[in-house]
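J.: starting from these lines, generate the structure:
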Amino acid sequence: MFKKTRVRQIIELLQKDLSNSRISEILSVSRNSVARIRNKSDERKLEWDELLAMTDDELYRLFYPEKFKPKNSYAPVDYAYVHSELGKVGVTETLLWEEYVEKCKQDGVKPCSYPTFARGYKQYTVDKSYTSHVEHKPGVTIEVDWSGPTMSYVDADTGSEQTAYLFVATLPYSQYTYVEATSTMNESDWLSCNIHMLEFFEGVPVRIICDNLKTGVNVHPKHGEIILNDAYLAFAEHYQVAIMPAAVKKPKQKPSVEGSVGKIARKIIGMLRNETFYSLAGLNREIRKTLDKLNEKAFQKRMGSRKTIYEVEEKPLLRSLPIMPYEICEWSYNHKVHPNSHIWFDKGQYSVPSDYMGSLVDVRYSTQMVYIYSSHRLIAEHKRITPGTKNGMRTEPSHLPYPIYTPETIDSTIEKAKEIGINTHTVVSRLYREAKVQEQALMDVRSVLDIARLYSEDILELACKSALKDFHKITYNTLMPYVKAISKNKKIVKENVVDKAPKGIVRGADYYKNGGNEV
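T.: Numbers count the residues shown, from 1 in each chain. Presented below is the predicted three-dimensional model:
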């Protein structure tokens, strides 16, 4: 901006009929400036009172019109439109500048350069106290962290005061925030808060930006691969979300949650400072009520509130939650797969595919399930053996390199007899029914069913049919004469069929009638 001449003060002194030199001396301005104002006023026949009624800007435009000419000849940029468009997924400053240039060409006007375009937008957001949409897109990012300030509650059993740590999560675009109090900052509480956070937001973003806390990140080198711990990695795979730790000592990489931490300290902690809580659940109920007020409070320098912007612009862009929430598990490492294709875990055995025999595998387990991994790849899962059970076993038959042996039972033998035929089923059922203790008849039933293996199921069924005409209760010894008779008859029939079959080459009478030539 040019250095403004003190036009109003000059006019006030001119009104008092002071000379140009005297006015120049009093106001420390050049005599030429005083002369310019006096001469232009005389030329336009303007009264001093009329001039003094104008605003300062109107006076400058009147006496120094050349300084108000635009310095740039390029077409103006509609930065309000730019700001609204940048809030949409896939829209960048470069894309909007290219569209602006194309429109200028169509209108036959000169466009500004990209650096000028970018500087203009940055100045626009500063002037309007807006957050630049270049950094934040709706539904893309959630920033998470533990709050520095803590709260407390009284243990109802011991009466001692317990520290409550605050987990904070923020959607940077809408500034919609989630807060939860926990009794520790361990891995289990961290994962639990992340699960509850996604349920609160009712959707999954593209990425979660976290701090470099040990409950989530094992290694974050300055250069090279970031290594998440197994539990947080499994959480990310379940929800199909990218975990991106902020660079070490770079709080500006998660500015929204850093800012929200301060607001939580002032609002939630401050508003509840005089309350006493006797359980963590009670503390969280009051935190949620205060949090709802914070999220619903209207912005001072932005239309709407955190909640309205979240519901209208951000929530529709979040991906749906999976049907089942992530199950928090613990890990146990380096379990050897034994020759029976099982591993030992917590006094029980669990099968894995036989290809992994002799190798080491890792176990992720919960109160309900056991998941077995090899090189971070899930290779088997089983329902967990009831705690306290010794030498329990969970076996998937397809894991074994050989068919699994299943001992015969009353039910299995009855089913097998039913498959052979109605008469065999009747014989077996009577054996069990007539026995004083059913299990004692199992050996007799096995002997009967073994006839099907030695002869055939058809012969056993026919033998049972014949025997049932003569006896009520039938045993192996009762059946065998019928079996042998039926087997012998079948053999005779088979031999007779073979004997009656033509042997060699048979020539008929027509052959000889024609002198031994084929007709």
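J.: buried sites along stretch 169-176?
T.: 169, 170, 171, 172, 173, 174, 175, 176 (16 or more other Cβ atoms under 10 Å). Where you see a C-beta, it was placed from the backbone N, CA and C, and this is true even at glycine.
J.: residues near residue 420, how many?
T.: Neighbour count for residue 420, taken as other Cβ atoms under 10 Å: 21.
J.: circling back to that earlier point, closest to residue 416 among the buried residues of stretch 169-176?
T.: Of all the buried residues of stretch 169-176, residue 169 has the smallest distance to residue 416: 59.7 Å, by Cβ to Cβ.
J.: quick check, central residue of this protein?
T.: residue 239 (1.8 Å; Cα atoms, centre = their mean).
J.: name the helices or strands packed onto the helix or strand harbouring residue 431?
T.: Element membership of residue 431 [criterion: DSSP states H and E] is helix 422-434. Packed against helix 422-434 by the contact rule (3 or more Cβ pairs under 8 Å, 6 or more residues apart in numbering; DSSP states H and E) you find helix 410-420, helix 442-454, helix 457-470.
J.: extract the C-alpha trace of the longest one and format it as CSV.
T.: Extracted in CSV, the C-alpha atoms of helix 457-470 (Å, rounded to 0.1, in the frame of the first residue of the first chain):
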residue,chain,number,x,y,z
GLU,A,457,-23.8,-104.7,2.3
ASP,A,458,-26.3,-106.4,0.0
ILE,A,459,-25.5,-109.9,1.4
LEU,A,460,-25.8,-108.5,5.0
GLU,A,461,-29.2,-106.9,4.3
LEU,A,462,-30.6,-110.1,2.6
ALA,A,463,-29.3,-112.2,5.5
CYS,A,464,-31.0,-109.9,8.1
LYS,A,465,-34.2,-110.1,6.1
SER,A,466,-34.2,-113.9,6.1
ALA,A,467,-33.1,-114.2,9.7
LEU,A,468,-35.9,-111.9,10.9
LYS,A,469,-38.4,-114.3,9.6
ASP,A,470,-37.1,-117.0,12.0
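J.: got the angle between it and helix 410-420?
T.: With axes from the mean of the first three to the mean of the last three Cα atoms, to 10 degrees defining the directions, helix 457-470 sits at 100 degrees from helix 410-420.
J.: tell me which other helices or strands helix 457-470 touches.
T.: helix 410-420, helix 422-434, helix 442-454, helix 476-499.
J.: 6 Å - rerun?
T.: helix 422-434, helix 476-499 (3 or more Cβ pairs under 6 Å, 6 or more residues apart in numbering; DSSP states H and E).
J.: mind saving the C-alpha coords of the longest strand anywhere in the chain as CSV?
T.: For the chain, the strand with the greatest residue count under DSSP state E is strand 161-171. Backbone C-alpha positions of strand 161-171 (Å, rounded to 0.1, in the frame of the first residue of the first chain) are rendered in CSV as follows:
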residue,chain,number,x,y,z
GLU,A,161,-8.5,-41.6,44.1
GLN,A,162,-7.7,-43.1,40.7
THR,A,163,-6.2,-41.3,37.7
ALA,A,164,-8.3,-41.3,34.6
TYR,A,165,-6.5,-40.8,31.2
LEU,A,166,-8.3,-39.1,28.3
PHE,A,167,-8.3,-40.5,24.8
VAL,A,168,-9.1,-37.9,22.2
ALA,A,169,-10.0,-38.3,18.5
THR,A,170,-10.8,-35.6,16.0
LEU,A,171,-12.0,-35.4,12.4
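J.: please export the C-alpha coordinates of the very next helix or strand once past that strand as CSV.
T.: Per DSSP H and E, strand 161-171 leads on to strand 176-182 as the next helix or strand towards the C-terminus. Provided in CSV are the C-alpha atoms of strand 176-182 (Å, rounded to 0.1, in the frame of the first residue of the first chain):
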residue,chain,number,x,y,z
TYR,A,176,-16.0,-33.3,15.4
THR,A,177,-14.4,-34.8,18.5
TYR,A,178,-14.6,-38.0,20.6
VAL,A,179,-13.3,-38.3,24.2
GLU,A,180,-13.1,-41.4,26.5
ALA,A,181,-11.6,-41.8,30.0
THR,A,182,-9.6,-45.0,30.8
